[in-house]
Every structure is written in C-alpha cells, then in structure tokens.
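Trainee: Okay, predicted coordinates and the sequence, questions at the end:
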Amino acid sequence: SATSRTYRYDVWNDRSPNPLVARRVWHVGPPLAVAAMNEAATLLIGDHDFSSFCRRPKPGPGFDEPSLRRSLQSAEWSRPDASPLLRFEISASSFCHQMVRSIVGTLVDVGLGRVDAGTIGTVIAARDRNAAGQVAPATGLTLWHIGFDGQRWDA
C-alpha cells in the first residue's frame with residue numbers, strides 16, 4: 001500500500017577516494033557540474049515512460065509487457081556539508097529495475113560534460129536504454145523513505 005518511495009545516492013566527488021566511506025559511495029574523481037546535473041534532473045520530474053532508464057522486464061508467456069510509466073515527484077542534487085560528498089535524492093510513485101542507478105549515471109555524465117542537460121527530454125522520448133548514459137554502481141544507493149499517504153500508482 002506504499003504510495004511513494006525515496007532513494008538517496010551518494011557520490012564522493014574528489015580527486016582522491018575516501019577509504020572511510022568507500023563502501024557506501026560512488027567515487028567520481030573529475031569535478032562535476034552540479035548546476036547542470038540539477039537542470040537535467042528537473043526535466044525528469046513528472047509522469048513519463050522511463051523505458052530509457054529501466055532494465056526491460058521479460059513478461060511471462062501470455063502476459064503483456066509491463067508499463068514502465070512512472071510519476072517522478074522530485075529529483076535533486078545537494079552537497080550536505082562542506083565535504084566532497086554529493087547527494088542525489090529522488091522520489092516517485094514507484095521505480096522500475098535499475099531506474100535510479102541509470103538516472104544517476106546519466107546525470108553524472110551530464111556533470112562530466114559528456115551529455116548536455118537539455119537532451120534529457122530526448123532520452124526519455126527515445127524509450128531505449130541505449131539512449132541514456134552509464135548505470136551507476138550499486139554502491140551509494142539507499143532506500144531512504146517509503147510513503148503511505150496519497151494515491152497508489154496502480155490504483
């Protein structure tokens with residue numbers, strides 16, 4: 001009966017990795033353009049088919065392919081303190097397999113200048129996993145909150 005989920009993803013953005021947090025962050029050495037990453041993240045908010053960011057499930061015999069349409073409520077990068085730690089927080093009605101990690105990887109590609117922030121709409125419209133960027137490693141991903149208020153996504 002959950003109506004929303006919130007994930008956090010932590011990135012250590014410094015030339016040198018930090019061994020004290022290495023097991024719970026993704027280390028990205030080159031400086032990231034956080035403003036561009038946030039600009040791209042705002043383009044994800046809303047009700048979209050997130051096929052470009054999801055591992056496509058294989059339906060069983062006689063079943064239709066499940067919808068990868070999701071309602072994204074918020075997505076934002078922040079720097080919680082003066083350290084090199086960057087935190088991405090994302091909330092949605094539900095998520096499909098590898099969706100958060102694919103979004104994080106694509107936004108990091110934006111931050112590295114590999115992808116233009118304005119092309120996120122094109123990536124969504126492609127409905128093709130190959131249109132999005134890299135998949136971030138599982139290290140750094142945490143299910144942060146589950147909400148039970150509001151309307152269920154499948155209601």
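Mentor: Received it, and whenever you're ready, just let me know what you need. None of the values given here were measured: they were computed from a predicted structure.
Trainee: so what pLDDT did the residue sitting furthest away from the middle of the chain get?
Mentor: Farthest-out residue of the chain from its mean C-alpha position, per Cα atoms, centre = their mean: residue 62, at 31.3 Å. The model reports residue 62 with a pLDDT of 80.
Trainee: ok, so what distance separates it from residue 55?
Mentor: Going from residue 62 to residue 55 by Cβ to Cβ, to the nearest Å gives 22 Å. Every residue, glycine included, has its C-beta placed from N, CA and C.
Trainee: wait, is residue 100 part of a helix?
Mentor: Yes. Assessed with DSSP: H, G, I helix; E, B strand; the rest coil, residue 100 lies in a helix.
Trainee: any idea which element the closest residue to it other than its chain neighbours lies in?
Mentor: Nearest residue to residue 100 in three dimensions, chain neighbours excluded: residue 7, at 4.8 Å (Cβ to Cβ, 6 or more residues apart in numbering). Taking DSSP states H and E as the criterion, residue 7 maps to strand 4-12.
Trainee: quick one: strands adjacent to that strand?
Mentor: strand 26-27 (parallel), strand 85-92 (antiparallel), strand 141-147 (antiparallel) (DSSP bridges).
Trainee: Out of those, which is closest to residue 126?
Mentor: Of all these, strand 85-92 sits nearest to residue 126, with 19.6 Å by Cβ to Cβ.
Trainee: buried set for the closest one?
Mentor: 85, 86, 87, 88, 89, 90, 91, 92 (16 or more other Cβ atoms under 10 Å).
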